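[1] sequence and predicted structure below; questions after.
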Amino acid sequence: MVERTRGLDIACHVLLILGGLLVCLPIWFAFVVGSHTTADVLTLPPPWLPGDRFFENAATAWQKGNLGRLFVNSFVVAVGIAGGKIAVSLLSAFAIAYFRFRWRMVAFWLIFVSLMLPVEVRILPTYEAVANVALPLQWLAGLAGLSVALDWNMMNSYGGLILPLIASATATFLFRQFFLTVPEELCEAARIDGAGALRFFRSILLPLSVPNMVALAIILFLYGWNQYLWPLLFTTDKSMATAVIGLKSLIPQSDSEPAWNIAMNAALLVMLPPVAVVMVLQRWLVKGLVDAGK
Amino acid sequence: MQGSTSVSALGARHASGASSSAAAEREPGARKGARAAGGTAGLKRAHYREARLPLLLLLPQLLVLLLFFFIPAIRALAQAFVLTDPFGNSVQFVWFDNFRALLTSPEYQSSVWVTIWFTLAQNAITLAIAMVLAFATDRVVRARGLYRSVILLPYAIAPVIAGILWAFLFNPSVGPIAFLLKGMGIAWDPIRSGFDAFLLVTFAASWKHICYDYIFLVAALLAVPPSLVEAAAVDGAGPLLRFFRIGLPMISPTIFFLLAMNFVYGFFETFAIIDAVTKGGPGGATMILVYKVYLDGFVHIDLGSSAAQSVLMMIFALVLTMVQFRYVERNVNYDV
């Protein structure tokens, strides 16, 4: 710092501590409530300090919410979305940055337009699309005067949870921008050495992209794990739900037993994997976020 | 590490802002065949000329987009102009009737206002707190990493969980904060009072999003050239004056960007918070537009109206993206 300002420095620390407390407050109370019995939670005043039933509650929550199965689902979906998005975007970005071909700008704009319409604004039609992926084929067949009894339902499947979320304009642009900063000489040298486009991609571009891929993978893992709307709509079968959706069924409604201790314990369990990822890989997360934000 | 973060941030921003045209200008060779079909904007100087391979590479992304993006969007557009009965037996083309019904319905108008107030309040709270914290982080030396880790935490937490955590804190029968409020003689009941429910979801949404704005503001403040700050200090400007006269103007593009991102977040991603905490109630006090699309489409099965709402929201999202783009372009002029 440029000069000594004791008062201001202390004020800054106080502000940051207050900010930290604001962040921790809800998490702290989730922990407190999650470690008491249901009866304790209902007493007045509410408990402010943790009790000794945390692990028992965790076991109950794990069983009641079928969290073992749901965690597997969440994990598959999160990894699938992250891996899929990265793979698909890498290929697209490579094609757009390194090839000169006829529909290049058209492809670029098609991908770009998808940035403008978030999932939430086209809920219903996309739902129909997943309920029957063959629908467009039926249309075509109908135009040709044929009636085809095609029905490809992706509800309650990993495919239905993952595929519709795999296209990513943001990731494509991130990789495209990165490719634009790669020295031209690398590609020229590879060509002189007789490497084809795919060989150049695999042996040079891919290794260079690893830092970007890792940073992006973290963000996309969090995005996949925390998905709400898609799994809510596409999983009518309880055993195909994700952890976040399963958590919702544990929240006490007005007419049920107010087992807030179990619900809050489950909330902590469900947020644990993404929180661990953020804690351990924080540097990468910050890099990825700031890069992806353009 | 922080230094490298900000540098890469700037690099990425400039690359995107300069977008295709500037990149092409820097490489004179790339301009030669600009008239050829396909264009060369944003193309590497050393590139391949193949017709089939790039299309194959693009195929997965375009296929997913076609199936789950373009066809659904077009269907939404088509559906917005027809009247379908809930069983899908009869379809009638009604021109703009769905839109007319929508725009004159008091529920939709109230939902628009709720959304506006919700996003504005959320934007103001989030940016203000993030700004104060970023300013403080920029000043402190000790424990900086620790503060950052803690403030970053909510980024990992799903919006629905954020909603549940806050719903518990303010639950009138079991919540500790609701208990405190009652002790202070404040009547608090988000289940019956629309205003209380509105405050609750606004807090939850802001709490979840502060970390996002904070990361960007910290990175932007780090990128302010120290020479400027030092020159101002030599001229006798104190830390606060420097922040308002140098830091703030220098990071204004980031603030515009965050404003746009906060709107996107408030409009679309807060769906889960509403669904978990209030379900749009009481009496529509927290019925934001996204939630209404969902409710009308899946619960009330009013397909035409839901589609018309989708179309209006698409138009709105389009405008937001344009605004975002203007920001990106303006950002290039800043010679940081």
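    Received the coordinates, thanks.
[2] any weak-confidence spans in chain A?
    Filtered on pLDDT under 70, chain A yields the residue ranges A:1-2, A:116-121, A:133-152, A:254-257, A:292-294.
[3] residue closest to the middle of it?
    A:Tyr223 (1.5 Å; C-alpha atoms, centre = their mean).
[4] can you show me the strands along chain B?
    All strands of chain B, identified by DSSP state E, fall at B:82-84, B:91-93.
[5] hmm, A:Cys187 is touching B:Ala46, no?
    Yes. With contacts defined as C-beta atoms under 8 Å, A:Cys187 counts as touching B:Ala46 at a distance of 3.9 Å. C-beta coordinates here come from the backbone N, C-alpha and C atoms, glycine included.
[6] the more surrounded of these two?
    Set side by side, A:Cys187 and B:Ala46 give different neighbour counts by other C-beta atoms under 10 Å in any protein chain shown, the larger being at A:Cys187 (23 against 20).
[7] residues in contact with that one?
    A:Tyr98, A:Phe200, A:Ile204, B:Lys44, B:Ala46, B:His47 (C-beta atoms under 8 Å, 6 or more residues apart in numbering or on different chains).
[8] where's the second one, which helix or strand?
    Think A:Phe200. Element membership for A:Phe200 (DSSP states H and E) is helix A:197-200.
[9] what comes up buried for the next helix or strand after that helix?
    The element immediately downstream of helix A:197-200 (helix or strand, assigned by DSSP H and E) is helix A:206-225. Of the residues in helix A:206-225, those with enough neighbours to count as buried (16 or more other C-beta atoms under 10 Å in any protein chain shown) are A:209, A:212-213, A:215-225.
[10] what's helix A:206-225 packed up against?
    Packing contacts for helix A:206-225, counted by 3 or more C-beta pairs under 8 Å, 6 or more residues apart in numbering or on different chains; DSSP states H and E, involve helix A:67-98, helix A:169-181, helix A:260-280, helix A:282-292.
[11] whichever helix or strand comes after the second one vs helix A:169-181, what angle?
    The first helix or strand that comes after helix A:169-181 along the chain, using DSSP H and E, is helix A:184-192. Helix A:184-192 and helix A:169-181 are oriented at 80 degrees to each other (axes from the mean of the first three to the mean of the last three C-alpha atoms, to 10 degrees).
[12] how about helix A:184-192: buried residues?
    Neighbour-count burial for helix A:184-192, counted by 16+ other C-beta under 10 Å, picks out A:Cys187, A:Ala190.
[13] quick one, it and helix A:206-225 angle?
    Interaxial angle of helix A:184-192 relative to helix A:206-225 (the same axes, to 10 degrees): 110 degrees.
[14] dump helix A:184-192 to PDB, restricted to CA.
    Output for helix A:184-192, consisting of C-alpha atoms alone and laid out as PDB, is shown next (Å, rounded to 0.1, in the frame of the first residue of the first chain):
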ATOM      1  CA  GLU A 184       0.700 -18.900 -35.400                       C
ATOM      2  CA  GLU A 185       4.200 -20.500 -35.600                       C
ATOM      3  CA  LEU A 186       3.000 -23.600 -33.800                       C
ATOM      4  CA  CYS A 187       0.600 -24.400 -36.500                       C
ATOM      5  CA  GLU A 188       3.000 -23.600 -39.200                       C
ATOM      6  CA  ALA A 189       5.700 -25.700 -37.700                       C
ATOM      7  CA  ALA A 190       3.300 -28.600 -37.200                       C
ATOM      8  CA  ARG A 191       2.400 -28.400 -40.900                       C
ATOM      9  CA  ILE A 192       5.900 -28.200 -42.100                       C
END
